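K.L.:
Prediction below, plus the sequence it came from.
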Amino acid sequence: MTDKYSALLTLAEEYNREHEDPIEIKQNEPMSRHTSFKIGGNADLYIIPHDMDALIETVRILKETETKRYFLGNATNVLFDDAGFRGAVVSLGNICAIKVIENRIIAEAGASLNLVCKTARDKELSGLEFAYGIPGSIGGAVFMNAGAYGGEMSQVVAQSTYFSLDDMTVHTIPLTAHEYGYRESVYRHNNWLVLSAVLELQKGEYDKINAAMNDYMSRRIDKQPLEYPSAGSVFKRYPGRYTGQMIEECGLKGYSIGGAQVSEKHAGFIVNKGGATSADVLALIEHIKNEVYKKFDCRIECEVIHVK
């Protein structure tokens, strides 16, 4: 395998010699170690850029060497295949700087959404409380217009900056250019990598913000199977219906295939009860979709990303 990636490794080593090793590369890395589902075979390469410049250089090297790549945030809505990934998985986890200027928060793509929420609270900035407890990163949240409890990122994003993987240039777009909808944005339809976002919030009071955040988190703990590995809510909301309720009315709570189970706590979740494979999860997803269609004539859509 080293021969296959020799050019990439050489270019990374050259960059590291000049920049104090900001690009870390692991070979044959189990993706089960890096995802909330705790499922997935080995990636040929697992690359960890340690700053924004290193990320840009990593992207350039991947393009120059024509290496298949996948960019990974907090890995909370992805399912890596049992066969692994023949290419490079690039972790954005260290691209995570957070800065506050007046009522705006500037956060890099890999910043934890929960940490950004806490930063807003500590600076007495309100408007992001709904996002507390949403697993994931700023990059993923901006990409998919993450939301909960009546709030969504489209309500707080002022602008975002991306790197075009087509022409290798950096661009900044305002809120209006995001084309936001339910779990939808312009990022889904372009070959762009979110680098950072500016969130515009309102002045608030620490105690009220903290109380709202704690309330949302308590609801999550009460209703969601946070004690098991999962990828969060598996299916998109179906117009006019609660998807989890339809699954429950099909009698599927607790239904298992291998180590994958429809959560007994919330039917919209699939959990890894131990030793689940991607094949187990995919088979269970298809079974759920078929049962819901037979009972309700509704075709529900999966929002977990299968990476292979």
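P.N.:
Thanks, I have it.

K.L.:
what's near enough to touch H34?
P.N.:
Taking Cβ atoms under 8 Å, 6 or more residues apart in numbering, we find H34 in contact with G40, Y46, L72, A75, V89, S91. Any C-beta I mention is one placed from the backbone N, CA and C, and that applies to glycine too.

K.L.:
swap in K308?
P.N.:
K308 touches F80, D81, A83, F85, counting by Cβ under 8 Å, 6+ apart.

K.L.:
Identify the residues contacting the third one.
P.N.:
Meaning A83. G41, K308.

K.L.:
if we can go back for a sec, closest to L125 among the contacts of H34?
P.N.:
Nearest to L125 among the contacts of H34: A75, at 27.3 Å, using Cβ to Cβ.

K.L.:
wait, what's in contact with the closest residue to the closest one other than its chain neighbours?
P.N.:
Nearest non-adjacent residue to A75, counting by Cβ to Cβ, 6 or more residues apart in numbering: T35, 4.2 Å away. Residues in contact with T35 (Cβ under 8 Å, 6+ apart) are A75, T76, V78, L79, F80, A231.

K.L.:
Show me the domain layout of this protein.
P.N.:
6-91, 98-208, 228-307 (automatic domain parsing).

K.L.:
Can you give me the first-to-last residue distance of the shortest one?
P.N.:
Length of domain 228-307, first residue to last, Cα to Cα, to the nearest Å: 21 Å.

K.L.:
Equivalent analysis for the longest one, please.
P.N.:
With Cα to Cα as the measure, the first residue of domain 98-208 is 22 Å from its last.

K.L.:
quick one: low-confidence parts of the stretch 1-150 of the chain?
P.N.:
Applying pLDDT under 70 to the stretch 1-150 of the chain flags the ranges 2.

K.L.:
hmm, 90 instead?
P.N.:
1-3, 20-21 (pLDDT under 90).

K.L.:
in it, which spans are strands?
P.N.:
Ranges of strands in the stretch 1-150 of the chain, per DSSP state E, counting those that start in this stretch, are 23-30, 42-49, 69-72, 78-80, 85-91, 98-101, 104-108, 125-126, 147-148.

K.L.:
thinking again about what came up before, looking at the contacts of K308, state which has the most neighbours.
P.N.:
Neighbour counts for the contacts of K308 (other Cβ atoms under 10 Å) peak at F80, which has 27 neighbours.

K.L.:
between the domains of the chain, which one is nearest to Y216?
P.N.:
domain 98-208 (5.3 Å).

K.L.:
now, among the contacts of K308, which is nearest to I98?
P.N.:
Using Cβ to Cβ, these come closest to I98 at F80, 27.6 Å.

K.L.:
which ones are touching the nearest residue to the closest one once chain neighbours are set aside?
P.N.:
Leaving out its chain neighbours, the residue that sits closest to F80 by Cβ to Cβ, 6+ apart is G40, at 2.8 Å. When the contact criterion is Cβ under 8 Å, 6+ apart, the partners of G40 are P30, M31, S32, H34, L79, F80, D81, D82, G84, F85, S278, V307.

K.L.:
Kindly recompute the last result at 6 Å.
P.N.:
M31, S32, F80 (Cβ atoms under 6 Å, 6 or more residues apart in numbering).

K.L.:
between those residues, which is closest to G110?
P.N.:
M31 (16.9 Å).

K.L.:
Distance of the closest one relative to I247?
P.N.:
Applying Cβ to Cβ, to the nearest Å, the value for M31 to I247 is 27 Å.

K.L.:
now do N190
P.N.:
32 Å.

K.L.:
now the helices for the stretch 51-200 of the chain?
P.N.:
Taking DSSP state H, counting those that start in this stretch as the criterion, the stretch 51-200 of the chain carries its helices at 52-64, 113-122, 138-144.

K.L.:
Please name the bridge partners of L45.
P.N.:
Counting by DSSP bridges, L45 forms beta bridges with Q27, A88.

K.L.:
In terms of neighbours, single out the busier of N190 and I247.
P.N.:
Using other Cβ under 10 Å, the more surrounded residue of N190 and I247 is I247, with 28 against 12.

K.L.:
Nearest spatial neighbour of the more buried one, chain-adjacent residues omitted?
P.N.:
I247 sits nearest to A267 (Cβ to Cβ, 6+ apart), 4.0 Å away.

K.L.:
Kindly report the same for E24.
P.N.:
E24's closest residue in space is I48 (Cβ to Cβ, 6+ apart), at 4.1 Å.

K.L.:
For R86, see how far away that neighbour is.
P.N.:
I48 is 19 Å from R86, by Cβ to Cβ.

K.L.:
more neighbours, those two?
P.N.:
I48 (21 against 14).

K.L.:
That concludes my questions; thank you for your assistance.
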